[in-house]
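Student: I need the structure of the sequence given here:
(one chain, ligands or ions: 1)
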Amino acid sequence: MPLRDVHVVWFKRDLRVADHAALSAACEAGPVLPLFIWAPQVWSAEDASLSQAMFVRDCLQDLADALQQLGLHLHVYHHDPLTLLQRLHAKFGIAGLYSHEETGNQHTYTIDRQVQAWCRMQGIVWQEWPQNGVVRRLSDRQQWQAQWALRMQAPVIAVPASGLAVRLPDHGLERLPAVAGHAQAERQVGGIGVAEAVMADFLTRRVHGYQRGISSPLSAVQACSRLSPYLAWGAVSLRTVVQATRVRAQQTENVQQRRQLHSFESRLHWHCHFMQKLESEPRIEHQSFYRGFEALQSRLPDAAVALRLQAWQVAQTGWPLVDACMQMLNQSGWLNFRMRAMLMSTASYLLQLPWRPSGLHLARAFVDYEPGIHWPQVQMQSGTTGINTLRIYHPVKQALTQDPQGVFVRQWLPVLRQVPDSWIFEPWRMPTSLQRRYGCLIGRDYPAPMVDIGEAIQTAKQDWFAIRQTMPAHAVADILQRHASRKSRHFPKVDRGSLRKKSNRSAASVSAQSLAAPQLSLQF
Ligand SMILES: Cc1cc2nc3c(=O)[nH]c(=O)nc-3n(C[C@H](O)[C@H](O)[C@H](O)COP(=O)(O)OP(=O)(O)OC[C@H]3O[C@@H](n4cnc5c(N)ncnc54)[C@H](O)[C@@H]3O)c2cc1C
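Tutor: Next up is the predicted model:
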């Protein structure tokens, strides 16, 4: 008998079976066809990388096993999604399409719109569920925090007991899409099981050192939760992590530990707060929040941009902490927040690079690339939002604060291993005789910086203020209205306050109060 009326679950950035509204609904509706599509237009795009694809494949392997436990087969195809769905429909008849909403890039957005139009024409109901705190068609940012809180409180959806299986030939799990980049030797391994283990290990053991350890690249590897790639690809749901964090906070009598857990939960809130910006205004993937800052994007001739960008990407800027961070990122696919911000600030302010190409390099390098967090952060650290203070990270001062003994720098830049502490963060200042003695000739073994830091900071400030001063009040008001965070009753006050104080104390970054705009909080 020919197969008719299948219920297609389209897995995207939600590679799990628990807390999966789309899978649960399809299992109740009839025969289920779980589907993952490696869309060529997504995986050949400028922001995709081999490491991300490998991480996703790890997740798919776990997902396939978990679905098998329910009696279902994960169908994996390399195809244009619209054409694939059309073919499936012509052959088998799609009764319903089920998925989570995605805040992706321009390519996934285009695909979604094409599929939506086609479903409408065919009379196929495509049901999409939110999977985090991002609100589609949000009319008022004022309401957003309350909606986030409600979603995070809602019960986690249980794994369905079983489903009625559909089994078709597919491309299988082994083949990866044709995608640029190298396999990062030390990247995190994907999968539902690993996500659960990383979460449990963080909440029970590593969380003790969270606030103290998240800023230095040395301690952050252990101190941070390391959940970002699992959240980005949905191996665990945000709600699951939020609720596990709350349970842990209730269980512990230790006030200090509760503080760490609250601080971590505030980051989970930022996750959606940032994603909401791209959801509400997709153009910011390509254009500055405040368009006036587009003028900063073309200060250098193309040849100079290419040269500086290349040096920054391959860890040859001549600033040891910057280069060590880039080395770690290129090899492991992860870096802590402060060092990501420093890399971006170095590119945009000191090297005067346009934010989009530098942002693309970071996007490809991050296994946890989440467009909705990434592009607003890239712009925030490049000063183009129009509503934030100017914050320029000084690479030498950051090194003195975050890696005082140069352990991290020496770990990732072997060429500087013999250089003593007194020169380690400014090796270009070493006399030539010492360069010879320590086996690091500047210009041969390690580059001299391309610009003078002090002068570059001065120029960056002048350029930025020149534009910021002419920004009309209505443009500031518009960005604030759409994107700025609002004070929330849903968060522990103590934590946010201490975070803000900490950030204000930071001596290693150059900050100036924005002109007309009120400074709302750490997050904009
Ligand atoms: C230029 C730049 C680009 C970034 N791009 C990404 C990206 O593509 N994907 C991504 O997940 N994060 C991005 N971040 C935010 C942040 O650096 C990472 O989320 C964090 O380092 C991930 O490590 P973790 O999971 O151990 O973090 P934890 O400190 O353990 O935080 C837990 C989770 O909270 C969320 N979170 C933490 N910090 C932030 C933040 N500042 N803004 C928004 N959400 C946050 C993330 O989902 C993270 O996994 C970017 C930051 C900068 C400065």
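Student: any idea how far D323 is from the residue nearest to S237 when sequence neighbours are not counted?
Tutor: In space, S237 comes closest to D19 once its chain neighbours are excluded; the distance is 3.9 Å by C-beta to C-beta, 6 or more residues apart in numbering. For the C-beta atoms, the positions are set from N, CA and C on the backbone; glycine is no exception. According to C-beta to C-beta, to the nearest Å, D19 and D323 sit 40 Å apart.
Student: So for the residue nearest to S237, what's the pLDDT?
Tutor: D19 carries a pLDDT value of 98.
Student: from now on call the first residue 23
Tutor: Fine by me, first position is 23 from now on; the one you just mentioned is D41.
Student: hang on, isn't it packed against R261?
Tutor: Yes. With contact defined as C-beta atoms under 8 Å, D41 counts as touching R261 (6.0 Å).
Student: Pull up the overlap in contacts between the two.
Tutor: For the pair D41 and R261, residues contacting each of them under the criterion C-beta atoms under 8 Å, 6 or more residues apart in numbering are V178.
Student: What is the neighbour count of L186?
Tutor: The burial count assigned to L186 is 14, neighbours taken as other C-beta atoms under 10 Å.
Student: and what of P177?
Tutor: What P177 shows, counting by other C-beta under 10 Å, is a neighbour count of 8.
Student: cool, and A180?
Tutor: The number of residues packed near A180 is 11, by other C-beta under 10 Å.
Student: Check the secondary structure at the closest residue to it other than its chain neighbours for me.
Tutor: In this structure, A180 finds its nearest non-sequential neighbour in A40, 7.2 Å apart by C-beta to C-beta, 6+ apart. Three-state secondary structure (criterion: DSSP: H, G, I helix; E, B strand; the rest coil) places A40 in coil.
Student: A40 and K34: what is the separation?
Tutor: Between A40 and K34 the distance, using C-beta to C-beta, works out to 16 Å.
Student: swap in Q420?
Tutor: For Q420, the distance to K34 under the criterion C-beta to C-beta works out to 37 Å.
Student: the more surrounded of these two?
Tutor: When Q420 is set against K34 and neighbours are counted by other C-beta under 10 Å, the residue ahead is Q420, at 28 against 24.
Student: Just confirm the more buried one contacts M364, I think it does.
Tutor: Yes. Q420 is within contact range of M364, at 5.5 Å (criterion: C-beta under 8 Å).
Student: List the buried residues of the lengthiest helix in the chain.
Tutor: Of all the segments assigned as helix in the chain under DSSP state H, the longest by residue count is helix 277-302. For helix 277-302, the buried set under the neighbour-count rule, 16 or more other C-beta atoms under 10 Å, comprises 279-291, 293-302.
Student: D41 and D345: which has the busier surroundings?
Tutor: Regarding D41 and D345, a neighbour count based on other C-beta under 10 Å identifies D345 as having more, with 26 against 22.
Student: Sticking with that one, tell me its helix or strand.
Tutor: Under the criterion of DSSP states H and E, D345 resides in helix 342-354.
Student: which non-adjacent residue is nearest Q338?
Tutor: In space, not counting the residues next to it along the chain, Q338 is nearest to P469; the distance is 5.2 Å by C-beta to C-beta, 6+ apart.
Student: which ones are touching that neighbour?
Tutor: Contacts for P469 were tallied using C-beta under 8 Å, 6+ apart; they are A333, Q338, T339, G340.
Student: Could you rerun that using 10 Å?
Tutor: P469 makes contacts with A333, A337, Q338, T339, G340, W341, D345, P449, W450, as judged by C-beta atoms under 10 Å, 6 or more residues apart in numbering.
Student: how about the strands in the stretch 73-222 of the chain?
Tutor: Per DSSP state E, counting those that start in this stretch, the stretch 73-222 of the chain has strands spanning 97-100, 116-122, 147-151, 186-187. These are given in chain order.
Student: Before I go, just wanted to say thanks for your time.
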